[in-house]
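Novice: no sequence for this one, just the structure:
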């Protein structure tokens, strides 16, 4: 048993016959009592909600067993893992893994959470290196100039866009000896008349 004042981020509690993990914790002092305002995630269902507990409320802390596992491969919506001690394989569905599926790489070591013999999810390592190298069609990709896709799936295309923009510009600012060129301030064609910026 733990009290409401002992709740911390990551702790799993049993409440109304269900398992909930504390996702966020805020201690609030009031005139005569203290409250713990927590954001809870249903371990099996995945939904989240907020709830407040008095500091003297007694809660059942779930004892989660962690086993070192290795992620092997994916087959559709089923992910396969191997126990690194006895080489026993276990499979989990996407619903049990949640957002972890976005960060798992084959051969990655991770912790599998068990509660009373039931697998309830996985805990990823604290740091994960994810990197995808991409290029635009027709562009030669080199390790010196890669485009990296970060963990959130966002690609920084700034270097490629800058390069293609410069390559798309004319090599010379004038097209012929009698050409007056383009105004560097407003972009107006000086051959058609004076530009409006007065440059």
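Specialist: Perfect, I can see it now. For clarity, every value in this text was computed on a predicted model and none was experimentally measured.

Novice: neighbours of residue 112, just the number please.
Specialist: Residues within reach of residue 112, counting by other C-beta atoms under 10 Å, total 20. C-beta here means a position set from N, CA and C on the backbone, and glycine is covered the same way.

Novice: sec struct for it, please.
Specialist: Here residue 112 takes the strand state, with states given by DSSP: H, G, I helix; E, B strand; the rest coil.

Novice: now it, nearest residue through space, not along the chain?
Specialist: residue 69 (4.4 Å; C-beta to C-beta, 6 or more residues apart in numbering).

Novice: buried ones in the helix ranked longest in the chain?
Specialist: Secondary structure assigned by DSSP state H gives helix 158-168 as the longest helix of the chain. Neighbour counts over helix 158-168 (16 or more other C-beta atoms under 10 Å) mark residue 160 as buried.

Novice: what's the answer for stretch 109-120, then?
Specialist: Per 16+ other C-beta under 10 Å, stretch 109-120 contains these buried residues: 110-115, 119-120.

Novice: Doesn't residue 51 lie inside a strand?
Specialist: Yes: counting by three-state DSSP, residue 51 is located in a strand.

Novice: That one contacts residue 35, doesn't it?
Specialist: No: with contact taken as C-beta atoms under 8 Å, residue 51 and residue 35 are classed as non-touching, separated by 10.3 Å.

Novice: Quick check: bridge partners of the residue nearest to residue 112?
Specialist: residue 83, residue 110 (DSSP bridges).

Novice: which residues does it contact?
Specialist: Listed by C-beta atoms under 8 Å, 6 or more residues apart in numbering, the contact set of residue 69 reads 81-84, 90, 109-112, 122.

Novice: that older thread, most widely separated two among the buried residues of stretch 109-120?
Specialist: Using C-beta to C-beta, the buried residues of stretch 109-120 reach their maximum pairwise distance at 110 and 115, which is 16.7 Å.

Novice: circling back to that earlier point, which one of the contacts of residue 69 sits closest to residue 23?
Specialist: Within the contacts of residue 69, the smallest distance to residue 23 is 16.2 Å, found for residue 122 (C-beta to C-beta).

Novice: tell me the pLDDT at the closest one?
Specialist: Looking at residue 122, its pLDDT reads 84.

Novice: do the same with residue 98
Specialist: Confidence at residue 98, expressed as pLDDT, is 75.

Novice: again with the one 5 residues further on
Specialist: You'll see residue 103 listed with a pLDDT of 82.

Novice: Count the neighbours of it for me.
Specialist: Applying the criterion other C-beta under 10 Å, we find 14 residues in the vicinity of residue 103.

Novice: That one contacts residue 125, correct?
Specialist: No: no contact is recorded between residue 103 and residue 125 when judged using C-beta under 8 Å, the distance being 9.3 Å.
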